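*Asks:* Let me see the structure of the following:
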Amino acid sequence: MGLQHTFTSFCIMLMPKGYHANTTSFSKCAKDLWRSPRGTEILVVLTTIDLLFMATFGSWRHRTRNSFIQNGVLGTYTLSSIMVSYTLGSMQSSAVKSSMYPIWAISLYVLFGCADSTTAYSLNDNNQHASLMFLFLVYQTYITLIAASDYPYLAQLTSFKLWQIFWAHNLASGSWNLNKMVADYMYEEHTRNGGSYDPATMKGYHYLVDCPLGESKLDGGTIYATELTEGGAQVIDIERIWQCSELSPELKDLCLSFSLFHLLRRRCFEFACAESSLQKTHDFVFKGLLSENDNGDTDYNRVFKVVEVELAFMYDFFFTKYAVLYYGSKMVSTIWSLATASLISMTAYRLIASFVYDHGSDFEYTTIFDVAITVLILACIALLLFLQELFYWSTIWGRVSIVCHYVRGQAVNTRKTVCMKFFQKICCMRFREIILTKIIGTSMPRLSKCHYQNKLGQYSLLHSVSCKKHKPPKVGPHKFMRRYCSLILPPDFQYLCETNKERIYARCIRKGYGNPAAVKLPAEVKKALVHSLRRTKGVLVGGESSLVHNSVDDLLWACRTGSGITCIRDKENQTHIIMIWHIATCYCEMATLKYLSPRNGGELKFHLDVATILSKYCAYLAVSAPKLLPGNHYDTSLIFDAIAVEAAQSLRKAKDKYEAMRSLTESTEMTIFQMVKLGRQLEEMEDGKRWKVLADFWAELLLYVAPSDNVKDHIECLGNGGEFLTHLWALLSHAGILDRGKRNVADTENSASDQPCPGEISYSAALRLWHASSYLDRCRERADPAHQHLKSTSNI
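*Replies:* Numbering: from 1, shown residues only. The predicted structure is shown next:
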């Protein structure tokens, strides 16, 4: 009663003058409050908070997996259009018209368009052109009815921000001309300079950095290719960037990332990568990015930094407005935003002056609380507009824009007089230097250092099955459901219910209670992956090469899938192999740590950390990101569920998992025995060799599963903090390794050997047939007790 009385008193206090304060009911008070001008005021405040949260924290979404940031941005993005529409409708339908309504309407209109860092939450949001256009027309209608007569210029200026959102969606989903121009340009890129190239100095690498978008034409007489009609100083490529000695290595790498972003974005629009079969493309990565310095070392941090910034460009292109600001008129956008901020500031000043010195009829239904909220909202908007314009030039897009303008200016300066050179240096170049050094270099260092979460997710199946929270579902409810649903469903529902029970159990194991948290991407992992990539020279064989290299050919059996399934290496699902080696690695980890404590900095510690981290990361991918792995993601889930349930049934009650696995009896029907068998073989090796074998294997296997054509899944993943596998996918793509079918550049001439032999089927198809036959066998067993002794001999 005390809380209800307090809320009622608060509601009555907020009621306008003349309102009958004899209402004591909590529900009636809340209802009356919602219909009053105070209710509209609360809606405006809540909507403003929602939009400010999205504008502020939207740029953090691809840098972290923090649940508050991820769920908060999702919630605010989903509610933003709904809350703005409802609030504008409440203002229009309100019986009492406050003088603050026009300003509130324009403020919400501007804030909705100021979300530069979040224009879409998923790729599908970029395809909603019709609904977005309808929403804009509704907003414009509301603004015209509510505020156009009082603030006509401000109402027109604010519409510019909303149209930027529309063009951001259109650019992300319909920029076919832009990507076709890049694709057609790369068909002939290798023929420039007579075909000579040097990946160390980028000589001969004419990968596009920037070019005039309007200066291209379609050559319909020959191959219908889009060609650039503007040349010379206007087209900037990597070779020109590297020839500019005034640029720092960081800015050169930034432009390199931007150029590679163009090539990777082309795959999103399903254009062919013509350069992938060239030796020049292969050398770009292996003799350029992965080249050794004078000390014989490879700067692996630089390699992954280039890819990281490239993927940051990719995220911004599909989910923010920065690409529209870059490809559009930057001067017009800046002037428009600053003009809007100035008008909003003037409006706030006039509002305060009018309220203080003029108490006429215009403020009949306005309180000082309304004015205070309005001024605060206007101040936030003006500050937000100003900071967004300043922040843009500190982003990777703004820095590339300044560098390209500088390079073009350098080319033009060679043909100008000494006076013009001096004038431009004093008036223009000094300003760019201030932007590059003072604002970009020092104002926001954290944003320039990290563009994604820089962590590896970890999952251990043995930790999950050990958790007490994972208990098999009780049989009672399933029996009840089978009996109840048998009245309306076919008899086969008994099997479906049992499958659901097993899947529910596996889903509990998937949650990973007690599993290790994500670890920061260690330098050892980067070094191991770069070493493995350089050693194999791009020949992806799924870990087998590392076993042969370490002279452990007797372990090759664990790199093959179950018997009876003939498949193509570049199409098969790798989940079975991942889980076999994952359990074996966990087994060896328990065996090693039970008797040894590797010292930090030692070779054993190095290999142990690499192997265990990559093992748990691959298992994490099978659980949390199956779409990024080879094969059908549902097949991946089924394989993992089957192995997880079998492991839980065998080891859940064991107090010492290592001893339980060590004493496990041999069984050809149990998949987990294959894992333990592999672990026992590894255990027989000397500690140093064992962990070197495992570290090399996991590094090679992770590289093997990276190439794929699921481009959209990788892009969607960028919005959730990103996956390190996406970075490897991008790196291999620039080396010409687009899938597992082509072993290396030389194999492109013999690509026919990678085709399936007559009678062969893919792994996914074979797995589905296996599940179908298993389903029929179990149904027959339940229908005929005489056949219950029969067991399926199929193995994964």
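*Asks:* Quick check: Val676 touching Glu666?
*Replies:* No. If you go by CB atoms under 8 Å, Val676 and Glu666 don't touch, sitting 9.2 Å apart. Bear in mind the C-beta positions are built from the backbone N, C-alpha and C, glycine included.
*Asks:* Same drill for the two, tell me which one is more crowded.
*Replies:* Val676 (23 against 8; other CB atoms under 10 Å).
*Asks:* Helix or strand: which one has the more buried one?
*Replies:* Per DSSP states H and E, Val676 falls inside helix 671-683.
*Asks:* tell me which residues of the helix or strand following that helix are tucked away?
*Replies:* Counting by DSSP H and E, the next helix or strand C-terminal to helix 671-683 is helix 687-705. Of the residues in helix 687-705, 687, 690-705 count as buried by neighbour count, 16 or more other CB atoms under 10 Å.
*Asks:* which regions of the stretch 151-300 of the chain sit below the pLDDT cut-off?
*Replies:* Scanning the stretch 151-300 of the chain for pLDDT under 70 picks out the ranges 192-194, 214-233.
*Asks:* Try it again at 80.
*Replies:* Residue ranges of the stretch 151-300 of the chain with pLDDT under 80: 151-159, 189-195, 212-233, 294-296.
*Asks:* all helices of it, in order?
*Replies:* Secondary structure of the stretch 151-300 of the chain (DSSP state H, counting those that start in this stretch): helices located at 152-174, 176-188, 238-243, 249-268, 279-283, 300-319.
*Asks:* Run the angle between the last one and helix 152-174 for me.
*Replies:* Using axes from the mean of the first three to the mean of the last three CA atoms, to 10 degrees, the inter-axis angle of helix 300-319 relative to helix 152-174 is 120 degrees.
*Asks:* mean confidence for the following helix or strand past helix 300-319?
*Replies:* Under the assignment DSSP H and E, the closest C-terminal helix or strand after helix 300-319 is helix 322-327. Averaged across helix 322-327, pLDDT comes to 91.
*Asks:* Whichever helix or strand comes after helix 322-327 - contacts with which helices or strands?
*Replies:* With elements assigned by DSSP H and E, the helix or strand that comes after helix 322-327 is helix 330-357. Using 3 or more CB pairs under 8 Å, 6 or more residues apart in numbering; DSSP states H and E as the contact test, the elements touching helix 330-357 are helix 101-113, helix 152-174, helix 368-392.
*Asks:* please redo it, this time with the cut-off set to 7 Å
*Replies:* Secondary structure elements in contact with helix 330-357, counted by 3 or more CB pairs under 7 Å, 6 or more residues apart in numbering; DSSP states H and E, are helix 152-174, helix 368-392.
*Asks:* so Ala339 makes contact with Leu157?
*Replies:* Yes. Counting by CB atoms under 7 Å, Leu157 is a contact partner of Ala339 at 6.2 Å.
*Asks:* per-domain residue ranges of the protein.
*Replies:* The domain map for the chain lists 1-35, 36-174+325-392, 176-319, 396-449, 461-705, with the assignment taken from automatic domain parsing.
*Asks:* How far does the longest one sit from its chain's centre?
*Replies:* For domain 461-705, the distance from its own C-alpha centre to the chain's C-alpha centre is 25 Å (CA atoms, centre = their mean, to the nearest Å).
*Asks:* I'd like to know the average pLDDT value across it.
*Replies:* pLDDT averaged over domain 461-705 gives 80.
*Asks:* From start to finish, how long is that domain in a straight line?
*Replies:* 20 Å (CA to CA, to the nearest Å).
*Asks:* residues near Gln574, how many?
*Replies:* Number of residues near Gln574 (other CB under 10 Å) recorded here: 25.
*Asks:* Which parts of the protein are strands?
*Replies:* Under the criterion DSSP state E, the chain contains strands at 208-210, 216-219, 225-228, 236-237, 455-456, 519-520.
*Asks:* quick one: strands adjacent to the fifth one?
*Replies:* Meaning strand 455-456. As defined by DSSP bridges, the strand partners of strand 455-456 come to strand 519-520 (antiparallel).
*Asks:* Residues in contact with the partner strand: which ones?
*Replies:* With contact meaning CB atoms under 7 Å, 6 or more residues apart in numbering, strand 519-520 is reached by Asn454, Lys455, Leu456, Gln458, Ile613.
*Asks:* Test my guess that Ala591 contacts Glu684.
*Replies:* No. Using CB under 7 Å, Ala591 is not in contact with Glu684; the gap is 10.6 Å.
*Asks:* Counting neighbours, go ahead and name the busier of the two.
*Replies:* Ranked by neighbour count (other CB under 10 Å), Ala591 and Glu684 place Ala591 first, with 19 against 7.
*Asks:* Next up, the contacts around the more buried one.
*Replies:* Residues in contact with Ala591 (CB under 7 Å, 6+ apart) are Tyr658, Glu683.
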